[in-house]
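S.K.: Quick check, what structure comes out for this input:
(2 chains)
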Amino acid sequence: MIPGLGSGSLLAAGAELALVLVLGSLLLGFVRVVRGPSLPDRVMALDMIGLASVSVIVLVAIQTDQAILMDAAIALALISFLGTLAFARFIERRDREERDD
Amino acid sequence: MNSVILRTATRLLIGLLLLFSVFLLLRGHDLPGGGFIGGLVAASAIALYAIAEGFERAFALLRVRPRTLIGVGLSAAVTAGLLAAVAGDVFLTGLWWVREFEAFTLKLSTPLLFDVGVYLVVVGVVLTMLFSLEEH
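M.R.: Prediction:
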């Protein structure tokens, strides 16, 4: 049990508020993925969604007091930028090929 | 990709990722984890290195061809099953070898050998796909 995590404690209220805010930013991220005028916009939004997902997992871990969820958060935080990296490589290569044509 | 930031971050991250993958592998029997996700994390560590430093250097880091890892992993998994059959139990029965030391208890088992096999197969499969995608 995390100290100070009774119902109505500051940590519980903070986790609740943070969860609402992070879910809002996730939603905005999805809007940017769908609308994003250019490919880099979409890639950045996907990267942001990855980080927001890490926050959601950590906040749920605090709320449900399941320390094991932290492992999922660690794994996602370590891996999530790999996709962004692959996209960056792809964009770079595509731009180079367009210049060569 | 030639980026100083990426190469420096990779040098820090690859050790963390490989350590985390072994941690997941060893914890897998009783808690979330196991050979499969451990192998995936290890494969992403190598993939990160390949993107940052180039695929030739990642190949040199691995030392063996990814396909060899698949073969070794499958052999380890089958051996884990056969050991039980040789001992007179049903194929794939878990055999445990527990030794008490002063500071810790060593628990070796055929499920561990099986999980190590799964780990190697997953690393091998993911890297085989990745390296052949890079060739095209």
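
S.K.: What about the residue lying closest to A:G36 once chain neighbours are set aside, how many residues nearby?
M.R.: In space, and not counting its chain neighbours, A:G36 is closest to A:R42: 4.2 Å by Cβ to Cβ, 6 or more residues apart in numbering or on different chains. Yep, even glycine has a C-beta here, placed from its N, CA and C like the rest. A:R42 is flanked by 16 other residues according to other Cβ atoms under 10 Å in any protein chain shown.

S.K.: For A:R42, grab phi and psi.
M.R.: The phi/psi pair for A:R42 (degrees, to the nearest 10) reads phi -60, psi -40.

S.K.: Model confidence for it, exactly?
M.R.: A:R42 is assigned 92 on the pLDDT scale.

S.K.: Now the terminal residues of stretch A:59-72, how far apart.
M.R.: 12 Å (Cα to Cα, to the nearest Å).

S.K.: got a list of what residue 91 touches?
M.R.: Since no chain was named, I'll use chain A. A:39-40, A:43 (Cβ atoms under 8 Å, 6 or more residues apart in numbering or on different chains).

S.K.: The intended chain is chain B.
M.R.: B:81-82, B:84-85.

S.K.: Now, of the residues you listed, which are buried?
M.R.: Buried residues within the contacts of B:F91, counting neighbours by 16 or more other Cβ atoms under 10 Å in any protein chain shown: B:81, B:84.

S.K.: Name the nearest of the contacts of B:F91 relative to chain A.
M.R.: Taking Cβ to the nearest Cβ as the measure, chain A sits nearest to B:G81 out of the contacts of B:F91, at 28.5 Å.

S.K.: Quick one: low-confidence residue ranges for chain A.
M.R.: Scanning chain A with the threshold set as pLDDT under 70 gives A:1-8, A:101.

S.K.: if we can go back for a sec, would you format the contacts of A:I91 as CSV with distance to chain B and neighbour count included?
M.R.: As requested, the contacts of A:I91 are exported to CSV (distance: Cβ to the nearest Cβ, whole Å; neighbours: other Cβ atoms under 10 Å in any protein chain shown):
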residue, distance to chain B, neighbour count
A:L39, 17, 12
A:P40, 15, 12
A:V43, 14, 20
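
S.K.: so A:A52 touches A:L26, yeah?
M.R.: Yes - applying Cβ atoms under 8 Å, one finds A:A52 in contact with A:L26, separated by 4.6 Å.

S.K.: can I assume the residue nearest to A:G36 is in contact with A:V31?
M.R.: No - applying Cβ under 8 Å as the test, A:R42 and A:V31 come out as separate, 11.1 Å apart.
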